[in-house]
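Student: sequence first, then the predicted structure, then my questions.
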Amino acid sequence: MPWHAMRTIGDKLRHEYQRVCEVLLWGIVDVYADLLKTTIEDMLDKHSDG
C-alpha cells in the first residue's frame, strides 16, 4: 500500500476538497479500492479481539 500517497490524498480531501478533480479521484478509487479494502480488512483482523 502506498501509504505516503494515501496520507497525501487524505490531506487534500480534508483540507482542499474544493480543488479535487473528481475524475482523478474516481480513477484512484477505481485502481486502489480492492487493495485498500483488503488492507483495511487485514488490519481489522489483526487488531480485533476475537
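Tutor: Right, received. Where do you want to start?

Student: show the residue spans covered by the helices in the chain.
Tutor: With helices called from DSSP state H, the chain shows them at 3-15, 22-47.

Student: mean confidence (pLDDT) on the longest one, please.
Tutor: Averaging the model's pLDDT scores along helix 22-47 yields 89.

Student: sorry, back to before: how about CSV for the helices of the chain, with mean neighbour count added?
Tutor: The C-beta positions use only the backbone N, C-alpha and C, and glycine is treated the same way. Formatted as CSV, those follow (neighbours: other C-beta atoms under 10 Å):
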stretch, mean neighbour count
helix 3-15, 11
helix 22-47, 10
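
Student: show residues contacting stretch 5-23.
Tutor: Residues outside stretch 5-23 that contact it (C-beta atoms under 8 Å, 6 or more residues apart in numbering) are 25, 28, 36.

Student: try it again at 7 Å.
Tutor: Outside stretch 5-23, the residues within contact range by C-beta atoms under 7 Å, 6 or more residues apart in numbering are Ile28.

Student: how far off centre is that stretch?
Tutor: Centroid separation for stretch 5-23 versus its chain: 10 Å, with C-alpha atoms, centre = their mean, to the nearest Å.

Student: for that stretch, C-alpha coordinates in CSV please.
Tutor: C-alpha atoms of stretch 5-23 as CSV (Å, rounded to 0.1, in the frame of the first residue of the first chain):
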residue,chain,number,x,y,z
ALA,A,5,0.3,8.8,-1.3
MET,A,6,-2.7,7.8,0.9
ARG,A,7,-1.8,10.4,3.5
THR,A,8,-1.3,13.0,0.8
ILE,A,9,-4.7,12.4,-0.8
GLY,A,10,-6.3,12.3,2.7
ASP,A,11,-4.9,15.8,3.4
LYS,A,12,-6.2,17.0,0.1
LEU,A,13,-9.7,15.6,0.7
ARG,A,14,-9.9,17.1,4.2
HIS,A,15,-8.4,20.5,3.6
GLU,A,16,-8.6,21.2,-0.2
TYR,A,17,-11.7,19.3,-1.2
GLN,A,18,-12.9,22.2,-3.3
ARG,A,19,-9.9,21.8,-5.6
VAL,A,20,-10.0,18.0,-6.0
CYS,A,21,-10.6,16.8,-9.6
GLU,A,22,-13.5,14.3,-9.4
VAL,A,23,-12.2,12.4,-12.5
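
Student: this completes my enquiry, with thanks.
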